[in-house]
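# structure of the sequence below:
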Amino acid sequence: MGSMIQDTEVRGNRYLWSICLISSMGGLLFGYDAVVMSGTIPKVIEQFNFNSFQLGFLVSCVLWGCAVGSVLGGLLLDRVGRKRMMILSALIIFGSAFWSGLASSPNQLNMARLLGGVGAGLAITTCPLYVSEVAPENSRGRLVSLYHFSVCLGIVLCVFVNWGIFSHADAYSSTATIPTFWKWLTIDQYWRAMFFSESLPGIIFLLGVFMIPESPRWLVQEGELQRADLILKRINGEARGAMIGKDILKSLQNQKQSHFSDLFSHQLRRPLTLAIFVCILSEACGITAILYYGPQLLEHSGISLGHSLGGFAIIAIVNLIFNLIAILFMDRAGRKKLLGIGATGCMLSLIAIGTLFLIGDSGLIIVVPFITFMAFFGFSVGPVKFIIISEIFPNQIRGKAVSTATIFIWLTSAVVTQLFPIMRDFIDTGYIFYFFAFDLLVLLLLDILFIHETKGKSLDEINI
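Residues are numbered from 1 along each chain as shown. Sure thing, here's the model as predicted:
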């Protein structure tokens with residue numbers, strides 16, 4: 001009898017991890033989409049003759065699109081469900097990749113990137129929420145962290161694809177025997193191949209989403225109790241699944257129908273304010289500037305474009321590795337402690353980066369504080385914010401609340417990305433990184449004074 005129960009638990013764990021891995025692939029698409037632009041910037045500037053403002057808008061328009069996607073997510077998530085929303089996001093990102101690669105004018109490229117941002121905004125609103133709703137409380141932190149790990153995996157994949165395409169273009173630029181179309185796509189205008197490459201992970205994610213179930217919490221909310229019961233029991237086992245189903249139903253029965261105006265009620269004012277500040281401060285720390293302008297920043301410090309892409313690849317790999325550490329320790333150390341450690345480490349790293357820029361061309365040594373920044377961000381600030389905002393709201397308002405909070409991620413990222421190249425025309429880059437460090441000091445104080453630990457608690461037990 002005991003072996004049968006154990007075998008059921010093993011199968012449940014495998015099923016749980018498989019559906020969480022698939023749903024978290026939405027993060028891979030966002031990570032890929034976030035970094036693909038960094039490899040195309042030199043060639044796009046050359047082809048379309050962009051100034052600093054135009055470059056900032058091109059890079060940031062995907063983030064403005066993400067804000068729109070978050071708004072749409074808030075309007076649609078609780079109506080159409082989590083699974084349909086992930087399918088929609090995959091289709092939009094796939095279409096954006098092709099349109100970006102075929103764009104014949106700056107306006108077309110901007111619109112294609114804006115569309116991709118909408119898809120990414122839908123994904124980042126939906127995927128962590130879905131995982132938080134299917135995961136048991138004792139592993140929810142690790143499983144939600146999979147989303148941010150997937151973002152980092154997408155970044156690494158994109159960096160190496162960009163690096164490979166650039167290396168191919170550089171190596172064969174003088175070869176006359178290459179077919180005309182292939183030469184145009186992969187050498188003369190290799191930035192198009194970089195955009196086209198995003199369509200492959202889009203297809204993989206789309207096919208995967210068709211294989212996973214709808215969120216059982218959403219099914220209970222819609223009155224589909226039998227479907228929800230089957231999924232909960234498959235994940236948690238017969239007894240535990242039945243108990244969770246009853247808890248969800250009881251929680252929903254005690255809550256009235258939710259509206260966006262409810263977010264501003266006295267009960268939700270504190271968690272909403274906390275979620276918004278966590279999102280703003282986590283994104284205003286310079287992470288978007290590093291992700292979108294990383295190769296340019298390394299070039300500015302005296303490294304060649306080829307070597308800067310290689311250095312950026314190292315930075316991306318470190319980020320990926322430390323996201324794995326976050327998955328291992330999120331449910332042991334807790335959200336609050338990891339956020340505090342990470343904010344401190346990121347702040348000191350940014351101070352070092354700023355100082356090296358103020359000193360002057362520093363060469364490869366500047367890669368070191370970039371690496372330490374990404375390490376601390378990868379195991380703390382990056383994934384923790386998604387866990388916090390997916391945990392602290394009541395079940396029936398969670399979709400609207402999470403989408404509202406993530407809007408501020410995109411708005412903050414868009415503003416930083418738009419202003420960064422303009423600010424560099426007027427302010428030394430080192431002082432900009434000092435500003436980013438100050439932002440993390442504020443985040444550290446917020447963590448110390450206002451954030452409560454949520455590890456080990458069910459979603460229905462958490463009360464901020």
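# how far away is the spatially closest residue to Pro106 that is not a sequence neighbour from Gln189?
Computed as Cβ to Cβ, 6 or more residues apart in numbering, the closest residue to Pro106 that is not its neighbour in sequence is Phe48, at 4.9 Å. Yep, even glycine has a C-beta here, placed from its N, CA and C like the rest. To Gln189, Phe48 is 11 Å away according to Cβ to Cβ, to the nearest Å.
# the more surrounded of the two?
Using other Cβ atoms under 10 Å as the criterion, Phe48 and Gln189 rank with Gln189 on top: 18 against 14.
# for the more buried one, what are its contacts?
Lys43, Gln47 (Cβ atoms under 8 Å, 6 or more residues apart in numbering).
# in this structure the residue nearest to Pro106 contacts Ser104, no?
No. Counting by Cβ atoms under 8 Å, Phe48 does not reach Ser104; the two are 10.4 Å apart.
# which neighbours do those two share?
Applying Cβ under 8 Å, 6+ apart, one finds that no residue jointly contacts Phe48 and Ser104.
# and the strands in the stretch 101-250 of the chain?
With DSSP state E, counting those that start in this stretch as the criterion, the stretch 101-250 of the chain has no strands.
# after the helix ranked longest in the chain comes which helix or strand?
The longest helix of the chain (DSSP state H) is helix 2-48. Next helix or strand after helix 2-48 toward the C-terminus (DSSP states H and E): helix 52-80.
# where does the stretch 201-350 of the chain dip in pLDDT?
Across the stretch 201-350 of the chain, the ranges flagged by pLDDT under 70 are 253-258, 300-311.
# again, only this time at 80
For the stretch 201-350 of the chain, applying pLDDT under 80 flags the ranges 250-264, 266, 295-313, 323, 326-334.
# ok so, going back, got the angle for the longest helix of the chain vs helix 52-80?
Relative orientation of helix 2-48 with respect to helix 52-80: 150 degrees, computed using axes from the mean of the first three to the mean of the last three Cα atoms, to 10 degrees.
# which residues touch the residue nearest to Arg424 when sequence neighbours are not counted?
Excluding the flanking residues, the one nearest Arg424 by Cβ to Cβ, 6+ apart is Ile432, at 7.0 Å. Residues counted as contacts of Ile432 (Cβ under 8 Å, 6+ apart) are Gly286, Ala289, Gly354, Phe420, Met423, Arg424.
# what is the burial count for the third one?
Residues contacting Gly354 under the criterion other Cβ under 10 Å number 22.
# repeat that for the fifth one.
Burial of Met423 is recorded as 18 neighbouring residues (other Cβ under 10 Å).
# what's the answer for the last one, then?
Arg424 has 18 neighbours, counted by other Cβ under 10 Å.
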